[in-house]
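Trainee: what follows is a predicted protein model with its sequence.
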Amino acid sequence: MLNDERHRRGLMMMIVAPSGVGKTSLTRRLVADHSDLHLSVSATTRAPRPGEHEGRDYHFVDPQTFEAMVADDAFLEWAEVYEHRYGSPKEPIMAALERGESTLFDIDYQGAMKIRAHAPRDAVTVYVLPPSIAEMSRRLHARSQDSEETIRMRLSRAKSEVAQWEDFDYVILNDDFDRAYAELAHIYHAERLRSSRNLWVNGVVERLIDEAS
Ligand code: 5GP
């Protein structure tokens, strides 16, 4: 979809939500449906959860390797979240932008704001709200990846996190997956069409001016 020969610059789309909102299902589907959109695979110092794979979900690295990557300026941004470090490797993201392809970030609030400050013209930010805290709690328990204590911590953080929506370009309420997904896809399609990303326009306009004179 949206893949044609026109010369474009890609974009960086940051999707932020408290955990248990269904963000991962939304991002996976958006990437699966768009061959010009890739998920940024972060490096993290946390251990893999059951079912997670190296290189698909994260690059799982030890703290020394993470430090070396910070020293090499290999991250577009990095942050400490829930006592572990996470970073977005810079090189594949910049290469994709130049190729006219886009990167989707499943990232936290701090990371999204840092990337937007660093590259405001390339960044698009989306916040996903849960329909209720009870539904978030149900999802966190259903995925059975976290301890009771972690779940309690995540739910109590959600109260302050949802107030962050005001800092985002777009907000989606995930009370119905299909509708939330359709809204996310519309945002992506419209942002791809933003005039500043469509580098082919200059050539067309020059030709139109030539023809008209
Ligand atoms: P989890 O451990 O549940 O996979 O992720 C914990 C939090 O870290 C989530 O909010 C996730 O979006 C965030 N996160 C994952 N990768 C990155 C990254 O590269 N940078 C930042 N700043 N946050 C990240």
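Mentor: The structure has been received and is ready for your questions.

Trainee: for the residue nearest the centre of the chain, what are its contacts?
Mentor: What sits nearest the mean C-alpha location of the chain, by C-alpha atoms, centre = their mean, is residue 105, with 2.0 Å. Going by C-beta atoms under 8 Å, 6 or more residues apart in numbering, residue 105 touches 12-15, 39-40, 88, 111-112, 115. C-beta coordinates here come from the backbone N, C-alpha and C atoms, glycine included.

Trainee: do residue 164 as well
Mentor: Here residue 164 is in contact with 16, 109, 127 (C-beta under 8 Å, 6+ apart).

Trainee: can I get the residues you listed in TSV with secondary structure?
Mentor: Output for the contacts of residue 164, formatted as TSV (DSSP: H, G, I helix; E, B strand; the rest coil):
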residue	secondary structure
16	strand
109	helix
127	strand
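
Trainee: in the helix ranked longest in the chain, which residues are buried?
Mentor: Counting residues, the longest helix found in the chain (DSSP state H) is helix 177-192. Judged by neighbour count (16 or more other C-beta atoms under 10 Å), helix 177-192 contains these buried residues: 180-181, 183-185, 187-188, 191-192.

Trainee: including distance to the ligand, could these go into TSV?
Mentor: Output for the buried residues of helix 177-192, formatted as TSV (distance: C-beta to the nearest ligand atom, whole Å):
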residue	distance to the ligand
180	17
181	18
183	20
184	16
185	20
187	18
188	18
191	20
192	23
